[in-house]
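>>> Let's see this in three dimensions:
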Amino acid sequence: MVFNPMVSILTSILPIGFYYLNYYKLIPLLYLRKRTFIYILSVIGSLGIVILFSFICFHLFNHQPNGTRPMPPLFGHSTLLFIVVLFVSLGLRMNFEYKKAQEEKAEIEKQKLNTELSYLKAQVNPHFLFNTLNVIYTLATIKSDQTADAVMKLSKLMRYVILDAHTPFVPLEKELGYVENFIELHRLRLSNNNLIDLQISGNPEGLQIAPFILIPFVENAIKHGTSAIDLMIIRIDISILKNQLQFSVVNNKLSAGSEMLDSTGVGIENTRKRLEMIYKKNHSLKIRQTDKTFEVNLKLELI
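Alright, predicted model coming up:
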């Protein structure tokens, strides 16, 4: 039997084509989505096509002296090349996905660091500290029983911002404690016509959340939903059911009515981007405003 080199060339086409099919379609659409059985069937089907094509090429282009019948190349050149291409494409794609995941993780860490620095500037600034310390000083001069509690709340809030929130996720209890302390400190300085109603239900034990995810909406409501004259009401509801957190903030808008945009340097838009980066499809954020109210509804699937 005289071997025709054209067979080798032709039978290399499909395995090489399978590389691109596997790399760009089968792996991302099936293997990475845990549809392993369908992926295996697709690979076996592709191998079957390669073997069939090789068999046809082998019989069409190889000279067969004395009427002998060539053996089908079931484990020949094309099959070996297919196996090599399979593992090479799989290895390269998994390496690409790993690097992509590392880059996303690095971006999240960078975004988180920027957020922490922004919050550090927003919270640890003279305006915030002076207002809080003035309230505490006033409480101290009248020898109020709230003085020690106010100092402790400020201490916990500062500790969380500076020391605790330096990991991708923090215990949900600590994030909720930060929200509570933040609200309590603002209650001390706000006039009686401003009502902040905070309701927390459910068990946060064992759950974790990305730090500073909730507070921008609370801060935004306090910043734009309080007044020295008008009766203003802010309702904050946080409920935990299994691993799902539902968070809502509703506040009145000032009668003058400017747009509800946070100008602290972090902002709602920044938080929206963080949610998309960290929680991807495991969250739902809806923001709605009317002439009189501004409402935020957030749902999170926690870990």
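>>> And the strand or helix carrying Ile196, how far out from the chain middle?
Taking DSSP states H and E as the definition, Ile196 sits inside strand 194-201. Relative to its parent chain, strand 194-201 has a centroid offset of 27 Å by CA atoms, centre = their mean, to the nearest Å.
>>> Just checking: what are the partner strands of that strand?
Within its sheet, strand 194-201 is paired with strand 232-241 (parallel), according to DSSP bridges.
>>> Average pLDDT for the partner strand, rounded please.
Averaging pLDDT along strand 232-241 gives 94.
>>> Extract the CA atoms of it and return them as CSV.
This file holds the C-alpha atoms of strand 232-241, laid out as CSV (Å, rounded to 0.1, in the frame of the first residue of the first chain):
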residue,chain,number,x,y,z
MET,A,232,-39.2,63.8,57.5
ILE,A,233,-39.5,60.0,57.8
ILE,A,234,-36.8,57.5,56.8
ARG,A,235,-37.9,53.8,56.9
ILE,A,236,-35.1,51.2,56.7
ASP,A,237,-36.1,47.5,56.7
ILE,A,238,-33.6,44.7,56.7
SER,A,239,-34.8,41.1,56.7
ILE,A,240,-32.8,37.9,56.5
LEU,A,241,-34.4,34.6,55.3
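>>> what sits up against it?
Strand 232-241 is touched from outside by 172, 176, 179, 183, 193-204, 207, 214, 218, 221-222, 225-226, 245-252, 254, with contacts defined as CB atoms under 8 Å, 6 or more residues apart in numbering. Heads up, the C-betas are built off the backbone N, CA and C, glycines and all.
>>> pretty sure Leu14 contacts Ser78?
Yes: checked against CB atoms under 8 Å, the pair Leu14 and Ser78 is within contact range at 7.1 Å.
>>> Identify the contacts common to those two.
With CB under 8 Å, 6+ apart as the test, Leu14 and Ser78 both reach Val50, Phe53.
>>> Using PyMOL, define a selection of the buried residues within the contacts of strand 232-241.
Here is the PyMOL selection string for the buried members of the contacts of strand 232-241, based on 16 or more other CB atoms under 10 Å:
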select buried, resi 172+176+179+183+194+196+198+204+207+214+218+221+222+225+226+245+246+247+248+249+250+251+252+254
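>>> Run through this structure and note the low-pLDDT ranges.
Residue ranges of the chain with pLDDT under 70: 1-11, 57-77, 113, 115-129, 131, 255-267.
>>> Please parse this structure into its domains.
5-102, 124-301 (automatic domain parsing).
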